[in-house]
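In: Sharing a model that was predicted from the sequence below.
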Amino acid sequence: MKVNISNLIVEVTRKCNMTCDHCLRGEAQAVDIDFQYIDSVLSQTEYIGNVTFTGGEPSLNVKAIDYFLMIAKKLKVGIGGFYIATNGMTINEDFVMACLRLYSYSDEKKMCLVDISNDKYHANEGSYNTELLDGLSFIHRKYEKERYDFGFNKFLIMEGRAKENFPDTGRKADKKRKIESVEDFNDTEIYLNVHGEIINGCDWSYKSQKKNKLCFVSGLKMFYETLTQE
């Protein structure tokens, strides 16, 4: 039995080229995901409804995104759609082509999205390097002015830098959801971090990920099989 994952989030890097006050991850770390962890998760998986590539800043590790797609094709792992949020500071042709290849392979084109974080926490738009992304039909310039005007800080998750900088304004991360059935598994964002750990949900800083660990990636299939026996 292979695993079907509704929402898989892959932390391709913990490197970042910005130090945003609202970042829930915390301080950047000079580490990329080891490709063996990508091999492992995909070798145990049959279909992924949606895959998110995150960081850090995901555009700083395009090789991992390309590698993920290459192995998915090789193992015939289906992908519904994908999501990438980027700060737009280091966009190059390699990143744009990686997005196009993902789009081409995905089954549900309407579920494919690249988001540019164009908001008060990031650089001014004039500092962005996003001209190449303008050619993608599935690009979205994320701008939340109306929400900022009405107190956007309350939407921040109190982890990482956000917890330090906005201690009294945001919200706590969702409590660790109990995963006791396949239905619970399908309703949860399954997070693969750079260390090969499968985390219960994505609303955690680098420091707090370990306490929300479900299993090591090599044990994902075994973890899933225990749920089918409940």
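Out: Alright, I've got the coordinates.
In: quick one: least confident helix or strand in this protein?
Out: When each helix and strand of the chain is scored by mean pLDDT, DSSP states H and E, helix 145-149 comes last, with a mean of 45.
In: List the buried residues for whichever helix or strand comes after it?
Out: Where DSSP states H and E defines the elements, the next helix or strand beyond helix 145-149 is helix 160-165. By neighbour count with 16 or more other C-beta atoms under 10 Å, helix 160-165 contains the buried residues 160, 161, 162, 163. For glycine as for every other residue, the C-beta is placed from the backbone atoms N, C-alpha and C.
In: Out of these, the closest to residue 185 would be?
Out: Residue 185 lies nearest to residue 160 out of these, by C-beta to C-beta, at 26.0 Å.
In: show me what contacts the closest one?
Out: 23, 24, 25, 26, 27, 205, 206, 207 (C-beta atoms under 8 Å, 6 or more residues apart in numbering).
In: can you check residue 9 too?
Out: 51, 52, 54, 189, 190, 191, 192, 202.
In: All the strands of the protein, residue numbers only.
Out: Counting by DSSP state E, the chain has strands at residues 3-11, 45-54, 78-86, 113-117, 139-142, 189-192, 197-200, 213-216.
In: can you tell me which of those strands the model trusts least?
Out: For those, mean pLDDT drops lowest on strand 139-142, to a mean of 64.
In: for the residue sitting nearest the centre point of the chain, what are its contacts?
Out: For the chain, the residue nearest the mean C-alpha position is residue 54 (3.4 Å; C-alpha atoms, centre = their mean). Each residue near residue 54 by C-beta under 8 Å, 6+ apart is listed here: 9, 10, 11, 12, 84, 85, 202.
In: ok, of those residues, which one's closest to residue 45?
Out: Nearest to residue 45, judged by C-beta to C-beta, of the contacts of residue 54 is residue 10 at 11.6 Å.
In: Count the neighbours of the closest one for me.
Out: Residue 10: 24 surrounding residues under other C-beta atoms under 10 Å.
In: next one: the one 10 residues further on
Out: Close neighbours of residue 20, defined as other C-beta under 10 Å, add up to 19.
In: State the pLDDT value of it.
Out: pLDDT, residue 20: 85.
In: what sits against residue 6?
Out: So residue 6 contacts 49, 50, 186, 187 (C-beta under 8 Å, 6+ apart).
In: Buried members of these into PyMOL, please.
Out: The PyMOL command for the buried members of the contacts of residue 6 (criterion: 16+ other C-beta under 10 Å) is given here:
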select buried, resi 49+50
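In: and of the contacts of residue 6, the nearest to residue 63?
Out: The closest of the contacts of residue 6, once distances to residue 63 are taken by C-beta to C-beta, is residue 50, at 21.6 Å.
In: Provide a list of residues in contact with that closest one.
Out: Counting by C-beta under 8 Å, 6+ apart, residue 50 has contacts 6, 7, 8, 79, 80, 81, 82, 83, 111.
In: If we only consider those, which is nearest to residue 100?
Out: Of the contacts of residue 50, the one sitting nearest to residue 100 (C-beta to C-beta) turns out to be residue 82, at 11.3 Å.
In: surely that closest one meets residue 49?
Out: No: if you go by C-beta atoms under 8 Å, residue 82 and residue 49 don't touch, sitting 10.4 Å apart.
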